[in-house]
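# sequence and predicted structure, then a few things I'm wondering about:
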Amino acid sequence: MSTAYISHTDCLRHEMGRHHPECPERLQAIEDQLILSRIDYFFTRIDPPLASEDQLALVHTKEHIEKIKSHAPQEGYYSIDGDTTMNPHTWQAALRSAGGAIAAVDAVMSGQVKNAFTCLRPPGHHAEPDQAMGFCFFNNIAIAAKHALEHHGLERVAVIDFDVHHGNGTEAAFKNDERVLMCSYFQHPFYPYSGADLNLPNMLNVPLPAYTAGDAVREVVELQWLPRLREFKPQFIFISAGFDAHREDDMGQMGLVEADYAWITRQLMTVANETAQGRIVSCLEGGYNLSALARSVVAHLKELADLS
């Protein structure tokens with residue numbers, strides 16, 4: 001079976017102003033690198049639908065959904081916070097991004113594909129059930145995981161977050177939900193200044209200092225993540241795939257390179273093959289140095305598609 005690659009032009013129309021790091025060029029850089037790497041034709045392309053408001057409500061409050069919908073401007077920008085802004089296309093792009101994550105789950109569960117990567121934006125892991133923040137409006141990975149649990153009847157899923165920033169929104173969505181194991185590392189202290197002090201049985205947060213390199217991250221994965229995952233036996237693995245811990249990315253101060261992302265992906269695929277029939281959905285989160293982002297996504301995709 002193949003790997004699904006899910007993208008849509010709606011996600012190029014959402015932008016938050018000149019020089020904002022979470023920009024449409026991120027997706028274009030990834031597409032260009034796929035072509036340069038001569039692997040673009042290996043993937044099953046899926047056209048993502050728009051998420052329904054009922055699907056958003058798997059994670060988000062109705063008040064939050066209505067707030068985002070009502071603030072969508074007819075022209076210009078509407079500022080949610082100092083970092084997070086809507087333009088006239090944001091609402092559509094956010095629905096497309098969440099809908100793509102749901103479609104990825106459905107494609108994997110139906111056996112159409114083995115695993116899937118959603119190359120969509122806006123990202124999602126900072127969006128809490130009742131609050132947009134950190135470039136994120138709706139929590140795509142959390143919605144997808146909830147869809148797998150509620151619609152497909154799975155009993156255990158894991159969410160892995162390797163973004164440089166703590167996935168506070170995903171944590172808020174699943175804290176004390178024994179059906180979900182969340183494993184993450186993140187630079188600390190650093191935005192959003194959360195996650196380091198939480199002690200919950202279904203949350204494995206590993207805060208790391210600035211300038212942590214790939215060998216230390218691999219040790220975290222090998223000694224902490226993998227044993228917990230194998231003990232939990234997830235039936236589906238979800239990946240919040242942020243690539244801003246790359247050493248070339250100025251949005252963080254960590255030291256990963258493409259080989260580290262490939263290695264992490266390979267370890268997660270091994271667990272997925274052991275406990276989840278290989279089921280993985282990976283959703284793009286951060287990554288703001290365009291070259292490093294594109295190269296890292298290709299390394300990630302080569303592993304997912306067994307092209308390495």
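Cool, got the structure. Numbering: from 1, shown residues only.
# longest strand in this protein, please.
Longest strand of the chain, by residue count under DSSP state E: strand 180-187.
# and after that strand, which helix or strand comes next?
Using DSSP states H and E, the helix or strand that directly follows strand 180-187 along the chain is strand 203-208.
# can you give me the mean pLDDT across that next one?
Strand 203-208 shows a mean pLDDT of 98.
# export it to PDB, keeping only CA atoms.
Taking C-alpha atoms only, strand 203-208 is exported to PDB below (Å, rounded to 0.1, in the frame of the first residue of the first chain):
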ATOM      1  CA  MET A 203       1.200  12.500  29.100                       C
ATOM      2  CA  LEU A 204       4.900  11.900  28.500                       C
ATOM      3  CA  ASN A 205       6.400  15.400  28.200                       C
ATOM      4  CA  VAL A 206      10.200  15.700  27.900                       C
ATOM      5  CA  PRO A 207      11.400  19.300  28.200                       C
ATOM      6  CA  LEU A 208      14.800  19.900  26.700                       C
END
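# how about the helices in the protein?
10-13, 25-36, 53-56, 62-71, 90-110, 140-150, 168-174, 214-220, 226-232, 258-275, 290-304 (DSSP state H).
# most packed of these?
Neighbour counts (mean count of other Cβ atoms under 10 Å) averaged over each of these peak at helix 140-150, with a mean of 27. Every residue, glycine included, has its C-beta placed from N, CA and C.
# show me what that one is packed up against.
helix 53-56, helix 90-110, strand 157-161, helix 168-174, strand 237-241, strand 280-284 (3 or more Cβ pairs under 8 Å, 6 or more residues apart in numbering; DSSP states H and E).
# how about H125, nearest residue that isn't a chain neighbour?
G167 (3.8 Å; Cβ to Cβ, 6 or more residues apart in numbering).
# the one you found is in contact with I160, isn't it?
No - judged on Cβ atoms under 8 Å, G167 makes no contact with I160 at a distance of 9.7 Å.
# between these two, which one's more packed in?
G167 (33 against 28; other Cβ atoms under 10 Å).
# and the more buried one, its phi and psi?
phi -80, psi 70 (degrees, to the nearest 10).
# quickly note the distance from it to A142.
G167 is 9 Å from A142, where distance means Cβ to Cβ, to the nearest Å.
# overlap in contacts, those two.
Common neighbours of G167 and A142, counting by Cβ atoms under 8 Å, 6 or more residues apart in numbering, are H125, V159.
# before we move on, back to that, what's the overlap in contacts for G167 and I160?
M182, S184, S240.
# now tabulate those in TSV and tack on pLDDT.
Listed next are those as TSV, based on pLDDT from 0 to 100:
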residue	pLDDT
M182	98
S184	98
S240	99
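# need those in JSON lines with distance to W225 and neighbour count, can you?
Shown next, in JSON lines, are these (distance: Cβ to Cβ, whole Å; neighbours: other Cβ atoms under 10 Å):
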{"residue": "M182", "distance to W225": "10", "neighbour count": "27"}
{"residue": "S184", "distance to W225": "9", "neighbour count": "25"}
{"residue": "S240", "distance to W225": "13", "neighbour count": "27"}
